[in-house]
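Participant: the following comprises the amino acid sequence and a computationally predicted model.
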Amino acid sequence: MNRVISRWKGFHIMGRYLYILFFVILVGGSATAQNVGVTPTPSPIPTPLATPPIIGAPTPGIVLPSVNDTQSVRPEDLKGVPQVAVNFRAPISGLPDLGRVGVNMTDQRSMTLQDVLTLALENNKDIEVTRENIRIAEFDLKSARGVYEPRFAGQTYYERAPIPNVSFFNPGVTQYTNDNIVFTAGVNAFIPKYGTVFNVSTNDNRLASTNPISIFSPQYNGAITASVTQPLFRGRGFDQQRRTIEIAKRNLSLTDAQFRQRTIETVTNAERAYWDLTYALRNLQVQRDSLKDAQAQLEHNRRLVQEGQLAPIDVVASETQVANFEQAVYDALNVVNLSENSLKNLISPNRNADIWIQALTPVESVEISAPTTTLNDAVATALQNRPELDVLQAQKSINEVDQRFFKQQTKPQIDLFASYTSSGIGGVVNPNFRNPLGSSPGTLETLLSNVGGPATVLSDIFSNKYPTVRFGVQFNLPLFGDKTAKAQYGRSLVEGERIETQRQQIEQVIQVDVRNALQSVHTAEARLRAAAIARDNTQKQYESEQRKLDEGQSDIYRVLDRQTALAAARSGELRARTELNKAIADLNRATGNTLKENNIQTKK
């Protein structure tokens, strides 16, 4: 009885094939009959317009080839052209190892998204460079503030100098020698608020000379001077030192904003790479499951051939389907390798790290809830959080410092100064002294009575025996106006206008970025819904087509088409899910919430 039923099904299938062949011959014959006797209408030849000759134009009657013109060449016209890869056939061999190059598949490393972000922030070279820039800015600020630290400066030296005698008071003396010991020291201090400069200095020296007209040898001289300089216009409200400090402060804010911007970019790239690897691994599993289904279908079809329900040629189609799915598995494996290397490149400290030989396995749930926000709220959040605007704000603050400084430079430079000096003198009478003017009763004795030994220098200074007071005004004014200062001030004003225009441009770009990111999330949600429905329906269609084939109501080609469609639908659903996660990451980046959503805090 079973043999009779099998033969009847075989005749039924053969009859259906003959019916299809008859229908194709009928349609082709009718189409040919309709074209018999029909002469194609030639294309009209355009009549050249009567235009005056152009100098340099080609001679009439000579047709120049157009760039788009091609010469028709038949295969038999190609003489002596060698053929390429004649009768090439790839040998049928076994499949290569299902592994990844340079990866030990037994060394599996499970990683959550937080693990990936932590490694990316710790090992990313761009993050490290930006972090070092912040440290450099901190040292620049300390260096700028150091200009107001009190300075103690001075020098001391010994000097011996033979001096030729050019004085007529020393007849018979050709030269004499001076031995000089000099010591100078001083302290400078500042009042940053008003540009005031204080200076206290001392100047002491000991001079021993063989000059016979020198009364004292050695002779001691000393003085202590206190001075103050106060700018009246230029530099009183703002000077170069204060400008350097303020710019260093704002550069620290600038590098901090740049650090947050680089951190957001790094986190977003790591998120996208994580979800790409998640999709690649799951898609590899989908392709392997599809291969198993194709192999099971092949075995099923072989049993149907044995039972006489399918023609033997139908098994060849199933074998081809298996080969195609095998290729799809290795294509998916290649995508896994590329995705894994991209992720490792973001989180690995160097090329010799152990992570390069490990097989990474993402274990984070792909079910991430999309942010529920309106466009206005998202744009407002982005304008408040985006580091690009913080960078621009720091640049604007630096420009304001420049404007303040260059405006000060346009003022006249007039400074008040005052100083007070207390001096002292001491020494020992030169044994070689000769009075070139003869004896002056009382003069030398009076001088010697007022000058004592070395100790009298200090007593003279602190007793204020020889005070000197000086005060006045010093100025430095251009004769025809300070064009340089005015030009620099004008340039700073234009720079401020440029920064404001750039801010408006960046705000508009941010708005576009937010709108696109929000739309991408909505589109990804819709795509995921459609992909889930398509996968469910494709599964049902595949199972239905399998039942029809078993009942003799379908053919193997439809089953294979449904099988291919099911594999594509499964992969498409996974792709839609991961694309939604990547769209969420892009939305967080667009609104500046990347660090907040991932619980990341930046430190200077």
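Facilitator: Sure, I can see it. Numbers count the residues shown, from 1 in each chain.
Participant: how about the helices of this structure, start to end?
Facilitator: Assigned by DSSP state H, the chain shows helices spanning 2-35, 113-123, 125-145, 240-306, 313-347, 375-385, 387-409, 443-450, 455-462, 483-550, 556-591, 594-597.
Participant: tell me the domain ranges of this protein?
Facilitator: Listed by automatic domain parsing, the domain ranges of the chain are 111-135+243-401+487-597, 150-191+196-234+413-476.
Participant: mean neighbour count, those: which tops it?
Facilitator: domain 111-135+243-401+487-597 (a mean of 18; mean count of other C-beta atoms under 10 Å). All C-beta spots, glycine's among them, are computed from the backbone N, C-alpha and C.
Participant: now that domain: mean pLDDT?
Facilitator: For domain 111-135+243-401+487-597, mean pLDDT is 91.
Participant: please begin residue numbering at 33 from this point
Facilitator: Renumbered: residue one is now 33, and that last one reads domain 143-167+275-433+519-629.
Participant: what about Lys111, how many neighbours?
Facilitator: A count of nearby residues for Lys111, using other C-beta atoms under 10 Å, gives 5.
Participant: before we move on, the earlier item: okay, the helices of the chain in CSV with distance to Thr261 next?
Facilitator: CSV is the format used below for the helices of the chain (distance: least, C-beta to C-beta, whole Å):
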stretch, distance to Thr261
helix 34-67, 106
helix 145-155, 51
helix 157-177, 21
helix 272-338, 14
helix 345-379, 58
helix 407-417, 47
helix 419-441, 16
helix 475-482, 34
helix 487-494, 23
helix 515-582, 21
helix 588-623, 54
helix 626-629, 50
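Participant: mind checking those helices for the one nearest to Thr228?
Facilitator: Nearest to Thr228 among those is helix 272-338; the distance by C-beta to C-beta comes to 11.9 Å.
Participant: quick one: that closest one to helix 515-582, angle?
Facilitator: 10 degrees (axes from the mean of the first three to the mean of the last three C-alpha atoms, to 10 degrees).
Participant: centroid-nearest residue for the protein?
Facilitator: By C-alpha atoms, centre = their mean, the mean C-alpha position of the chain lies nearest to Arg294, the distance being 6.1 Å.
Participant: list the contacts for the nearest residue to it once chain neighbours are set aside?
Facilitator: Among residues not flanking Arg294 along the chain, Thr162 sits closest, at 4.7 Å (C-beta to C-beta, 6 or more residues apart in numbering). If a contact means C-beta atoms under 8 Å, 6 or more residues apart in numbering, then Thr162 has 287, 290-291, 294-295 as its contacts.
Participant: one more time with 6 Å
Facilitator: Going by C-beta atoms under 6 Å, 6 or more residues apart in numbering, Thr162 touches 290-291, 294.
Participant: list just the nearest of the residues you listed to Asn613.
Facilitator: Arg294 (22.3 Å).
Participant: the closest one and Thr287: what is the separation?
Facilitator: From Arg294 across to Thr287, the span is 10 Å (C-beta to C-beta, to the nearest Å).
Participant: ditto for Ile400
Facilitator: Applying C-beta to C-beta, the value for Ile400 to Thr287 is 32 Å.
Participant: before we move on, what about Pro250?
Facilitator: Distance, Pro250 to Thr287, using C-beta to C-beta: 59 Å.
Participant: what does Tyr190 give?
Facilitator: 50 Å.
Participant: repeat that for Gln633.
Facilitator: According to C-beta to C-beta, Gln633 stands 17 Å off from Thr287.
Participant: equivalent analysis for Leu330, please.
Facilitator: Taking C-beta to C-beta as the measure, Leu330 falls 63 Å from Thr287.
Participant: what of Arg238?
Facilitator: Taken as C-beta to C-beta, the span from Arg238 to Thr287 is 54 Å.
Participant: now do Asn155
Facilitator: Note on Asn155: its distance to Thr287, by C-beta to C-beta, is 20 Å.
Participant: in contact with Ala169, which residues?
Facilitator: 283-284, 287.
Participant: quick check: of these, which lies closest to Leu130?
Facilitator: Thr287 (48.1 Å).
Participant: identify the residues contacting the closest one.
Facilitator: Each residue near Thr287 by C-beta under 6 Å, 6+ apart is listed here: 165-166, 169.
Participant: okay, Asn467: pLDDT?
Facilitator: According to the predicted model, the pLDDT of Asn467 comes to 68.
Participant: nope, Ala63 is what I was after
Facilitator: 39.
Participant: then Asp236?
Facilitator: Looking at Asp236, its pLDDT is 91.
Participant: for it, list each beta-bridge partner.
Facilitator: For Asp236, the beta-bridge partners are Phe215, Gly254 (DSSP bridges).
Participant: wait, it sits on Tyr252?
Facilitator: No - Asp236 is beyond contact range of Tyr252, at 7.5 Å (criterion: C-beta atoms under 6 Å).
Participant: in contact with Pro403, which residues?
Facilitator: Applying C-beta under 6 Å, 6+ apart, we find Pro403 in contact with no residue.
Participant: without its sequence neighbours, what residue ends up closest to Arg594?
Facilitator: Closest to Arg594 by C-beta to C-beta, 6+ apart is Tyr574, at 4.1 Å.
Participant: what's the answer for Ala185, then?
Facilitator: Gly218 (5.9 Å).
Participant: before we move on, what about Arg183?
Facilitator: Take Arg183 and drop its neighbours on the chain: the residue closest to it by C-beta to C-beta, 6+ apart is Asn220, 4.6 Å away.
Participant: local confidence estimate at the one you found?
Facilitator: On pLDDT, Asn220 comes in at 90.
Participant: just to check, it is in contact with Asn231?
Facilitator: Yes - the pair Asn220 / Asn231 is scored as a contact, 5.3 Å apart, by C-beta under 6 Å.
Participant: and the closest residue to Leu151 other than its chain neighbours, what does it touch?
Facilitator: Nearest residue to Leu151, sequence neighbours excluded (C-beta to C-beta, 6+ apart): Ile379, at 3.7 Å. Ile379 sits next to 148, 151-152, 155 when contact means C-beta under 6 Å, 6+ apart.
Participant: determine which two of those residues are furthest apart.
Facilitator: Using C-beta to C-beta, the contacts of Ile379 span at most 10.8 Å, a distance reached by Val148 and Asn155.
Participant: for the closest residue to Ser350 other than its chain neighbours, give its distance to Val591.
Facilitator: Once flanking residues are discounted, Ser350 sits nearest to Leu330: 4.2 Å by C-beta to C-beta, 6+ apart. From Leu330 over to Val591 the distance is 11 Å, taken as C-beta to C-beta.
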